[in-house]
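Student: next input, structure requested:
(chains A, B, C and D)
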There are 2 protein chains.
Amino acid sequence: MYLKIDFNSDEAIYMQLRNQIIYSIATSEIQEGDNLPSVRDLADNIGINMHTVNKAYTILKQEGYLKLDRRKGAVIAIDMNKMQAMEEMREELRVTLAKAFCKNISCKEAHDIVDEIFKEFERR
Amino acid sequence: MYLKIDFNSDEAIYMQLRNQIIYSIATSEIQEGDNLPSVRDLADNIGINMHTVNKAYTILKQEGYLKLDRRKGAVIAIDMNKMQAMEEMREELRVTLAKAFCKNISCKEAHDIVDEIFKEFERR
DNA sequence: TATTTGTTATACTGTTTATATAACAAATAT
DNA sequence: ATATTTGTTATATAAACAGTATAACAAATA
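Tutor: Residues are numbered from 1 along each chain as shown, chains lettered A, B, ... in the order given. Okay, the predicted model is just below:
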């Protein structure tokens, strides 16, 4: 799995990790049942602290993407609460699309980008 | 203009302000040329500190939604950098839609919500 | 002349982020 | 059996951020 941390970003490292792991699941680079590296291995690998990785894993667990097991380690396990996910998506889109609309981006242009991104997920 | 701050939210107050002002522009509740309340008035009105409002206004200025003038106050003025806005939208959508895809939300369902939100902006 | 604007400066508190050690319990490998 | 590897938990520390509190300035207005 490819992970790249931007240490100059204003986005927290553990959030960059979280987002990239979710993206990797969406593109099927990793999938249900797969193991993630141990918190120590990944931390050493990237060059960050163990607790920063642990924070990302803990959030992914809370959000329903991971199960953490002392014997098996961190395993991808999607908790399928679609209704909740829809509501969260709606709230995020409200902000994203309000910005877009103010900047003269049309509904069609938004749709086109949605399609492009979904193609990133669906090509196998 | 209707502004509601959730003091228990994990989202910073100045970001809640920023997002709601952008949303108000998108729905044409406020528009190009309109004045926002002075930083002191709005702060008193909501019951927060002047600098928190000032931070929201400063960000809105940097992002191209406001002009700040010592004589006229804060005035809505959209800086139309559409290309930049498109790229920012694409990056935000990548995270939002990756989450959605993992939770089995289809491309069509995403499109439907985009349409619903755009209707919030376009009905007059 | 007094008030109102955005703006800037300083100071303080509390929270968050990231790091650093350390230890524990359960499982695995040697 | 022993050592190692898991996630997990507990402290501690430094830096950055969020929010508040005063205060003052320059330009414009009442």
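
Student: tell me the pLDDT of A:Arg124.
Tutor: If you check A:Arg124, the pLDDT there is 60.

Student: check which helices and strands the helix or strand of chain A with the lowest mean pLDDT sits against.
Tutor: Using mean pLDDT, DSSP states H and E, the weakest-scoring helix or strand in chain A turns out to be strand A:66-69, at a mean of 87. Applying 3 or more Cβ pairs under 8 Å, 6 or more residues apart in numbering or on different chains; DSSP states H and E, one finds that strand A:66-69 contacts helix A:50-62, strand A:73-76. Quick note: C-beta positions are derived from backbone N, CA and C, even for glycine.

Student: what's the single longest helix in chain A?
Tutor: Taking DSSP state H as the criterion, chain A has its longest helix at helix A:82-102.

Student: and it, is it in reach of chain B?
Tutor: Yes. Using Cβ under 8 Å from any Cβ of the partner chain, we find that helix A:82-102 touches chain B at A:82, A:85-86, A:88-90, A:92-102.

Student: now do the contacts for the residue of chain A positioned farthest from its centre.
Tutor: The C-alpha centroid of chain A is most remote from A:Asn104, which lies 28.3 Å away (Cα atoms, centre = their mean). Applying Cβ atoms under 8 Å, 6 or more residues apart in numbering or on different chains, we find A:Asn104 in contact with B:80, B:82, B:85.

Student: ramachandran angles for it?
Tutor: Per-residue torsions, A:Asn104: phi 70, psi 20 (degrees, to the nearest 10).

Student: tell me how far it lies from B:Met1.
Tutor: For A:Asn104, the distance to B:Met1 equals 21 Å [Cβ to Cβ, to the nearest Å].

Student: tally of neighbours for the nearest residue to A:Met89 once chain neighbours are set aside?
Tutor: Nearest residue to A:Met89, sequence neighbours excluded (Cβ to Cβ, 6 or more residues apart in numbering or on different chains): B:Ala100, at 4.9 Å. For B:Ala100, the number of neighbouring residues by other Cβ atoms under 10 Å in any protein chain shown comes to 28.

Student: list the contacts of B:Ala100.
Tutor: B:Ala100 makes contact with A:85-86, A:89, B:109-110, according to Cβ under 8 Å, 6+ apart.

Student: dump those residues to CSV, plus neighbour count, pLDDT and distance to B:Gln31.
Tutor: Converted to CSV, the contacts of B:Ala100 look like this (neighbours: other Cβ atoms under 10 Å in any protein chain shown; pLDDT from 0 to 100; distance: Cβ to Cβ, whole Å):
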residue, neighbour count, pLDDT, distance to B:Gln31
A:Ala85, 20, 97, 34
A:Met86, 17, 98, 31
A:Met89, 19, 98, 28
B:Glu109, 14, 98, 32
B:Ala110, 23, 98, 29
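
Student: can you put these in CSV and add distance to DNA strand D?
Tutor: Listed next are these as CSV, based on distance: Cβ to the nearest atom of the strand, whole Å:
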residue, distance to DNA strand D
A:Ala85, 23
A:Met86, 27
A:Met89, 23
B:Glu109, 32
B:Ala110, 29
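
Student: among those residues, which one lies nearest to B:Ile46?
Tutor: A:Met89 (28.3 Å; Cβ to Cβ).

Student: would you mind confirming that A:Phe65 is in contact with A:Met80?
Tutor: No, residue A:65 isn't Phe; it's Tyr. No. Counting by Cβ atoms under 8 Å, A:Tyr65 stays clear of A:Met80, with 10.8 Å between them.
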